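S.K.: give me the fold of what follows.
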Amino acid sequence: MFILFYFIFGIAANIIDAIIGLPLLSLVLTLGLIIPSISIAARRLHDTGRSGWWQLIALIPLIGAIILLIFLASDSHEDNNYGANPKGAGAVA
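M.R.: Residues are numbered from 1 along each chain as shown. Next comes the predicted model:
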């Protein structure tokens, strides 16, 4: 849901920036959501049993971003060092 709303607000910010001719709103949105984006990616990596430091693999041009995307899209592990599977039977919807 975070990515969906980030995408929607990003499009709206870009449209408003195009109207006013200054990329101010997009910059504010990006800077304001960079820390939550990092923390959400770390949480998702923890769900797959990996450390949040795996985000640094994206610094490798092209291949690093593809590998990180695969890690983020992979299914959660039932048991990992970071807690129970959020989709498991004990999770509250």
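S.K.: and I8, what element?
M.R.: Taking DSSP states H and E as the definition, I8 sits inside helix 2-20.
S.K.: just the residues contacting that helix, thanks.
M.R.: Applying Cβ atoms under 8 Å, 6 or more residues apart in numbering, the contact partners of helix 2-20 are 23-26, 28-29, 33, 36-37, 40. C-beta: built from backbone N, CA, C; applies to glycine.
S.K.: what does the next helix-or-strand element following it contact?
M.R.: With elements assigned by DSSP H and E, the helix or strand that comes after helix 2-20 is helix 24-47. Applying Cβ under 8 Å, 6+ apart, the contact partners of helix 24-47 are 2, 6, 9-10, 13-14, 16-17, 51-52, 54-55, 71-72, 76-77, 80, 82-83, 85-86.
S.K.: so where's this structure shaky on pLDDT?
M.R.: Regions of the chain meeting the criterion pLDDT under 70 cover residues 86-93.
S.K.: one more time with 50
M.R.: Counting by pLDDT under 50, the chain contains low-confidence ranges at 93.
S.K.: can you tell me which of the contacts of helix 24-47 are buried?
M.R.: By neighbour count, with 16 or more other Cβ atoms under 10 Å, the contacts of helix 24-47 hold 6, 13, 17, 54-55, 71-72 as buried.
S.K.: tabulate those residues (CSV), appending distance to L62.
M.R.: Output for the buried ones among the contacts of helix 24-47, formatted as CSV (distance: Cβ to Cβ, whole Å):
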residue, distance to L62
Y6, 22
A13, 27
D17, 28
W54, 17
Q55, 16
F71, 15
L72, 16
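S.K.: of the residues you listed, just say which sits nearest to P61.
M.R.: Q55 (15.2 Å; Cβ to Cβ).
S.K.: residues touching that closest one, list them.
M.R.: For Q55, the contact set (Cβ under 8 Å, 6+ apart) comprises 38, 41-42, 45, 68.
S.K.: make it 10 Å
M.R.: Contacts here follow Cβ atoms under 10 Å, 6 or more residues apart in numbering; on that basis Q55 touches 37-38, 41-42, 44-45, 64, 68, 71-72.
S.K.: now those residues: which count as buried?
M.R.: 41-42, 44-45, 68, 71-72.
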